[in-house]
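Undergrad: what follows is a predicted structure for the sequence shown.
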Amino acid sequence: MDTTYLDVQQAAAYLGTSVRFVRRLIAERRIAFHKIGTHVRLAVEDLEAYVQAGRVEPVTRSSVLRDLGGAA
């Protein structure tokens, strides 16, 4: 098992956000985390899943036409 776990400060640095933001994600249960005694750890795989879930594809002319039901 090669899962890498990060503490909250490391997770914030990994995501390029503040520690407060990561703590809010945890408090709102918007990201998976692990409690080990009193310590909170986040798996890198869970952080990547969170980032990918928020991914938005760019808008192109053909995608707009497809969504409107027209021909490209």
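TA: Looks like it came in fine.

Undergrad: the residue nearest to Arg30 when sequence neighbours are not counted: which element?
TA: Distances taken as Cβ to Cβ, 6 or more residues apart in numbering place Tyr50 nearest to Arg30, at 7.6 Å, with adjacent residues excluded. The C-beta positions use only the backbone N, C-alpha and C, and glycine is treated the same way. Taking DSSP states H and E as the criterion, Tyr50 maps to helix 44-53.

Undergrad: Leu25 too?
TA: helix 19-27.

Undergrad: touching that helix from outside, list them.
TA: Val8, Gln9, Ala11, Ala12, Leu15, Ile31, Phe33, Val40, Leu42, Tyr50 (Cβ atoms under 8 Å, 6 or more residues apart in numbering).

Undergrad: can you say which of those residues are buried?
TA: Neighbour counting by 16 or more other Cβ atoms under 10 Å classes Val8, Ala11, Ala12, Leu15, Ile31, Phe33, Val40, Leu42, Tyr50 among the contacts of helix 19-27 as buried.

Undergrad: related to what we said a few turns ago, among the contacts of helix 19-27, which ones are in helices?
TA: When DSSP state H is applied, the contacts of helix 19-27 are split such that Val8, Gln9, Ala11, Ala12, Leu15, Tyr50 fall in helices.

Undergrad: what sits against the most centrally placed residue in the chain?
TA: By Cα atoms, centre = their mean, the chain has its centre lying nearest to Tyr50, at 2.1 Å. By Cβ under 8 Å, 6+ apart, Tyr50 lies in contact with Leu25, Arg30, Ile31, Ala32.

Undergrad: name the nearest residue to the last one, sequence neighbours excluded.
TA: Nearest non-adjacent residue to Ala32, counting by Cβ to Cβ, 6+ apart: Asp46, 4.2 Å away.

Undergrad: closest one to Thr60 out of the contacts of Tyr50, please.
TA: Distances from Thr60 to the contacts of Tyr50, taken as Cβ to Cβ, are shortest for Arg30 (29.5 Å).

Undergrad: on that earlier part again, the helix holding Leu25 vs helix 44-53, what angle?
TA: With axes from the mean of the first three to the mean of the last three Cα atoms, to 10 degrees defining the directions, helix 19-27 sits at 90 degrees from helix 44-53.
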